[in-house]
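# sequence and computational prediction follow.
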Amino acid sequence: MSDPLEQRYFDDVDLGDEFEEIQQPSTEHVQQFLGQTARGQSDGSDRGAGRFTDTAAARSQGLERPIVPGTMSMAMITRLVTDWMGPLGHIVQLDVSYRRPVLHGDRLRSVALVTDAGTSPRVHLDLSLENDRGERPLQGTAVVELPLRGG
Amino acid sequence: MPDHSYFDLHVHSTDGSDDAGGTVEGYCKWVEARRKNGYHVDGFVLTEHRCYLDDADYTAFTEQYNVTILRGIEVETDVGHVLVYGVNADFLGRFDLSDIALPYAEVFQTAEETGGIAVGAHAGRPRIGLVEHVGERGVSLDAVGIIEALNGGSSDYENGRSFDLAEQHALLTVGGSDAHFVSALGRCLTEFDVPVTTNEELVAALRSGAFRPVRVEDTREGSERKALPSASHIPSTSGQGELGGEAVELDESVIGQEVSVGSLEVTLDSIANYCEALEETNPLYTDATWAENEGPYGGLVAPPGILNTAGLRQGPDPQIRFGDQSFMAGSRLETFSPIKPGDTIDAFTQVKEVYEKTGRSGRMVFVVRHTRYANQDGVDVAATENSVVFRQTKALDD
């Protein structure tokens, strides 16, 4: 896990560098996240939003248990990047695809891989969330600006 | 293995596929990185979804990175997705590529007649691969000679089903990563017994039958090849619903109209609650003293993800009348300026586009909304693009 206090510099990043965090969103985490939205239970896709908190609603939609909203999964992968880049880093763009549901209690490995560090000061990352079932429910990319040492 | 060549036959890029995050140059750099690690990758084939990159010129990348970049296409047919190589104007003139249910036998035959060759993509995947259509509908494989059995985006079970089908019907098999992101390129490849440098040579090599699917680990000098999967040895984890067949109705008049959809008051409390839910510990967002003394903005700021908590109205509704379920399919966030406590962020949304395609769960309709976020000074601080997919999960009554 990256120390968010530690500043990352462009000079120290190489193609192929990999970093990761383990996260395990619980029902309480999801409720807290949803509690901040005015509608309380929506990720912007309106149908069947009960699947985020209610086991019966989730099962009626063919899901084993309630799922984590896509917006929260995106926030989790965003945290991986912000922790890694340090306070002076800047996320220029972050782009994710939701490929499979993230279930409450899933143990998730958030992984980022540097795919381009050639154009100063921008670093390109591939991002993914991997669960214990060997699936990648979320994949994406990010472009991050990092400071130069002495710059 | 000096005469052998290794190609990733299934790659999507931002130049032509809506769901891809990898750029063509990014893929070239990744090939370089793979080679430095001892892997052998000669090139890749861009097989964009429903789109053939006729005018794109990648000569500069080929020269700079010494990577062969060829072009094909991935079309959608009534028995799943099909990769076509050696595509030309004659082939393109015969089909409406936006059609997600092209007649598969005609695609395979036309590819052959027009100097190309077609391959059944990710054959073991539910709905969009051949296996299910052969098993459940008795679809004929008379026109099919090759399937993609080793696909980097499929599970071992799905790939196992593909190899089983190939064995039962004496089909040839290829490998492709189905890369949508840079680091996926080359996971699965096809080993040819001859060098390949052009689209014509690729077609000739595929017609020769002298090729086989390999994993990238297999391309290392002296590597020992792992056995290819068989479905009988692997448990399935996928359970998918039935495909609905109704026509998609929508209101296209709302596309492109930007409207105000609400605002987000950013407070110290809302930042603290957000950080607690995400177990965020970055002092830039959590420690006012540190942020004031050490941070780049002279004080605490909000994590960019806080925009995800804005309880906004949906905005213009294209009134999609399709499916019984909707999910978030993708999100893009661009940040321009820091969001600070005390800010009022106004949001403005428009429907950017509506389109459909097929996936593991069958037919899907996508609605893409673009939202612009401006602070109380009228400065755009961020923009998001969210894509929601509508799909049918329960069988429909006839």
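Looks like it came in fine. Residues are numbered from 1 along each chain as shown, chains lettered A, B, ... in the order given.

# same question for the one helix or strand B:Ala60 maps to, mean pLDDT?
Element membership of B:Ala60 [criterion: DSSP states H and E] is helix B:59-65. Helix B:59-65 shows a mean pLDDT of 96.

# that helix near chain A anywhere?
No. On the criterion Cβ under 8 Å from any Cβ of the partner chain, helix B:59-65 is out of touch with chain A, staying 11.4 Å away. In this view, the C-beta of every residue, glycine as well, is placed from N, C-alpha and C.

# what is that helix packed up against?
Here helix B:59-65 touches helix B:24-36, strand B:68-77, going by 3 or more Cβ pairs under 8 Å, 6 or more residues apart in numbering or on different chains; DSSP states H and E.

# what's the closest of the ones you listed to chain A?
Of all the helices and strands packed on helix B:59-65, helix B:24-36 sits nearest to chain A, with 5.2 Å by Cβ to the nearest Cβ.

# that closest one vs strand B:68-77, what angle?
Using axes from the mean of the first three to the mean of the last three Cα atoms, to 10 degrees, the direction of helix B:24-36 lies 120 degrees away from that of strand B:68-77.

# what's in contact with helix B:24-36?
Applying Cβ atoms under 8 Å, 6 or more residues apart in numbering or on different chains, the external contacts of helix B:24-36 come out as A:15-16, A:115-116, A:118, A:124, B:11, B:13, B:15, B:41, B:43-44, B:46, B:56, B:58, B:61, B:64-65, B:67, B:69, B:179, B:182-183, B:185-186, B:216.

# select only the buried ones of those in PyMOL?
Selection command for PyMOL covering only the buried members of the contacts of helix B:24-36, criterion 16 or more other Cβ atoms under 10 Å in any protein chain shown:
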select buried, (chain A and resi 15+115+116+124) or (chain B and resi 11+13+41+43+44+46+58+61+65+67+69+179+182+183+185+186+216)
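
# just the buried residues of stretch B:111-124, please?
Within stretch B:111-124, the residues scored as buried using 16+ other Cβ under 10 Å are B:111-112, B:114, B:116-124.

# would you turn the helices and strands packed on helix B:59-65 into CSV with mean pLDDT?
Conversion of those to CSV gives the following (pLDDT from 0 to 100):
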stretch, mean pLDDT
helix B:24-36, 93
strand B:68-77, 96
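
# which residues of the chain score low on pLDDT?
Went with chain A since none was named. Residues of chain A meeting the criterion pLDDT under 70: A:1-2, A:4, A:37-49, A:151.

# if you could check chain B rather than the one you did, that'd help
B:1-2, B:231-247, B:361, B:393-398.

# chain A: strands as residue ranges?
A:18-23, A:90-98, A:108-119, A:122-130, A:138-145 (DSSP state E).

# hang on, the earlier thing: please compute how far the helix holding B:Ala60 lies from its chain's middle.
Here helix B:59-65 is found 24 Å from its chain centre; the criterion is Cα atoms, centre = their mean, to the nearest Å.

# three-state assignment of the residue of the stretch 201-350 of chain B found nearest chain A?
As assessed by Cβ to the nearest Cβ, chain A sits closest to B:Gly311 within the stretch 201-350 of chain B, at 2.4 Å. Following DSSP: H, G, I helix; E, B strand; the rest coil, B:Gly311 is assigned to coil.

# these two touch, right, it and B:Gly262?
Yes. Under the criterion of Cβ atoms under 8 Å, B:Gly311 makes contact with B:Gly262 at 6.9 Å.

# center of chain A - which residue?
Centroid check for chain A by Cα atoms, centre = their mean gives A:Ile77 as the closest residue, at 1.4 Å.

# and it, what does it touch?
A:Ile77 sits next to A:94, A:96, A:110, A:127, A:129, A:138, A:140 when contact means Cβ under 8 Å, 6+ apart.

# mind listing what residue 144 touches?
Since you didn't name a chain, this refers to chain A. Residues near A:Val144 by Cβ under 8 Å, 6+ apart: A:81, A:85, A:89-92, A:122-123, A:125.

# that's the wrong chain, I meant chain B
By Cβ under 8 Å, 6+ apart, the contact list for B:Val144 reads B:108, B:118, B:120, B:130, B:171.

# that one falls within a helix, correct?
No. Counting by three-state DSSP, B:Val144 is not found in a helix; it is coil.

# that one and chain A, how far apart?
27 Å (Cβ to the nearest Cβ, to the nearest Å).

# looking at the stretch 1-150 of chain B, which residue is nearest chain A?
As assessed by Cβ to the nearest Cβ, chain A sits closest to B:Gly21 within the stretch 1-150 of chain B, at 3.8 Å.
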